[in-house]
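Novice: starting from these lines, generate the structure:
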Amino acid sequence: MAFVIGILWIGFALIPKEGWTGMVIEQVMRDMDGKPASVITYYSGFRFRTDHLEEGLTTIIDFREDRLVMIEHSSKSYVEIKFSQWEKEVSRRLKKDSPALTPKERKIIVRKTGETAIINGFPTEKVEIIADGELIEENWVTREVEMGEMERVNEKIVRGFSKQFRSEMKEGREIYEKLKPFGFPILVKDYTMTYGLGGIHRLEVKKIEKKELKDEIFYPPTGYHHVLPKPSKK
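Specialist: Sure, this is the predicted structure:
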């Protein structure tokens with residue numbers, strides 16, 4: 001869970017500032033078998049779009065317009081719903097699937113290791129995340145990505161989520177707050193569901209580019225047909 005929330009925070013931390021209108025991040029994610037998946041994320045203001053290239057799927061969220069769009073490129077179709085509605089549905093399913101489970105609050109420690117490396121052209125330093133004495137994440141962070149503006153706009157994006165969702169992201173946010181003084185994560189490894197110390201999940205930032213993004217990037221492509229979402233089962 002910490003790693004998944006960490007991915008969200010990596011995304012929310014990179015929002016455009018005055019003088020340019022967008023940012024594109026190219027990433028590679030690897031599953032427990034090491035299989036790579038290319039992900040490209042676009043950010044502009046209160047909107048962001050994530051393309052999972054191998055799966056042919058796109059997700060668009062617009063906090064200001066309360067809009068969530070899920071696009072399937074193979075069928076040239078998309079589903080569009082209110083983002084607030086999606087939040088409520090996810091919360092309902094979580095309560096249904098694990099009604100008796102309450103997230104345990106853990107003591108989070110972030111520590112430098114002194115190890116350094118050049119990753120995809122970025123000078124990085126290894127930082128470990130410890131929860132109740134257990135290694136849960138390894139982050140290779142850089143100081144060559146501007147942090148001040150990212151932190152300011154990051155708060156605006158977080159407020160786009162409901163209060164309940166922000167509460168569920170509590171540990172992820174604590175990790176983010178304790179990690180950000182060390183720099184921006186270029187490589188993240190998750191150790192929360194491992195055999196030994198082999199990370200099951202891995203997220204690597206390949207490229208960060210500032211560029212102008214047109215509005216149509218955050219809408220379904222012309223010619224795609226709108227599919228009504230299936231009603232949820234109560």
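
Novice: just checking, what packs against the longest strand along the chain?
Specialist: Counting residues, the longest strand found in the chain (DSSP state E) is strand 108-119. When contacts are defined as 3 or more CB pairs under 8 Å, 6 or more residues apart in numbering; DSSP states H and E, strand 108-119 sits against strand 122-131, strand 134-142, helix 170-179. Any C-beta I mention is one placed from the backbone N, CA and C, and that applies to glycine too.

Novice: I'd like the ones you listed laid out as a markdown table, including mean pLDDT.
Specialist: Output for the helices and strands packed on strand 108-119, formatted as a markdown table (pLDDT from 0 to 100):
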| stretch | mean pLDDT |
| --- | --- |
| strand 122-131 | 94 |
| strand 134-142 | 92 |
| helix 170-179 | 81 |
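
Novice: out of the ones you listed, which gets nearest to Asp66?
Specialist: helix 170-179 (22.0 Å; CB to CB).

Novice: can you show me the helices along the chain?
Specialist: 2-12, 83-97, 148-158, 163-168, 170-179 (DSSP state H).

Novice: still on that earlier bit, let's test this: mean pLDDT of the longest strand of the chain, rounded?
Specialist: Averaged across strand 108-119, the pLDDT comes to 95.

Novice: circling back: deepest-packed of the helices and strands packed on strand 108-119, please.
Specialist: Across the helices and strands packed on strand 108-119, the average number of neighbours (mean count of other CB atoms under 10 Å) peaks for strand 134-142, which reaches a mean of 21.
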